[in-house]
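Visitor: Generate coordinates for the sequence data below:
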Amino acid sequence: MVLAAKTDRDAGSRGVSLFLVDTRTPGFTRGRNLEKVGQHAADTSELFFDDMRIPASALLGERARASRMMMQELPRERLVVGIQAMGLAKGARDLAVRYVQEREAFGQPIARLQKHALHAGAGANRDRGLRGLHQRLRRGLCARELSGTAASAFKLHASEMAGRVADACLQLFAATAT
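Guide: The predicted model follows:
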């Protein structure tokens, strides 16, 4: 694991270093997985350190440069979160479309009802502009030119779009409940 640890108590956030640590190191134990709302593929667990010793050779990068190193990764992480939001929107839309194609009302699939067809069609178009932006930002990442501001804006817009799509899809379920 990559561990951020205080190496200079008097330097505030500038006194943190990164270490590459083998989780089999004596003194390290992992506790229970924590319940969380999203990102179930990435577990979040309690970590315990009981007199764990880390050799100086485990230092990752320069001493007391953790904040700077982590800040350099923020644009990439924000791009990834935006991509995840786009995937969440697509998953919600796919689930809702499948539902309205299978669920019947008045002797026909509710997908044939105009109101529901409009909802499903609108959801399919909400992220069209984000896909183009995603491609440009991904090229920027590969060229090591990804702007933090652009990545943040993409993350925000993709997350907001995912919320709107999820809300619209939820309406399809709610409107057809028996």
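Visitor: mind listing the helices for the protein?
Guide: Secondary structure of the chain (DSSP state H): helices located at 66-102, 114-125, 128-142, 148-175.
Visitor: closest to Arg32 out of those helices?
Guide: If you check each of the helices of the chain against Arg32 by Cβ to Cβ, helix 66-102 wins as the nearest, at 24.5 Å. Any C-beta I mention is one placed from the backbone N, CA and C, and that applies to glycine too.
Visitor: That closest one - what's its average pLDDT?
Guide: This predicted structure assigns helix 66-102 an average pLDDT of 92.
Visitor: Over to stretch 22-32?
Guide: Per-residue pLDDT over stretch 22-32 has a mean of 96.
Visitor: Relative to His134, how far out is the residue nearest the centre of the chain?
Guide: The chain has Val81 as the residue nearest its centroid, 3.5 Å off, counting by Cα atoms, centre = their mean. In this structure, Val81 and His134 are separated by 12 Å, where distance is defined by Cβ to Cβ, to the nearest Å.
Visitor: any shared contact partners between these two?
Guide: With Cβ atoms under 8 Å, 6 or more residues apart in numbering applied, the overlap between the contact sets of Val81 and His134 consists of Ala158.
Visitor: Include distance to Asp22 when you put the helices of the chain into JSON lines, please.
Guide: Formatted as JSON lines, the entries for the helices of the chain read as follows, by distance: least, Cβ to Cβ, whole Å:
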{"stretch": "helix 66-102", "distance to Asp22": "19"}
{"stretch": "helix 114-125", "distance to Asp22": "46"}
{"stretch": "helix 128-142", "distance to Asp22": "30"}
{"stretch": "helix 148-175", "distance to Asp22": "32"}
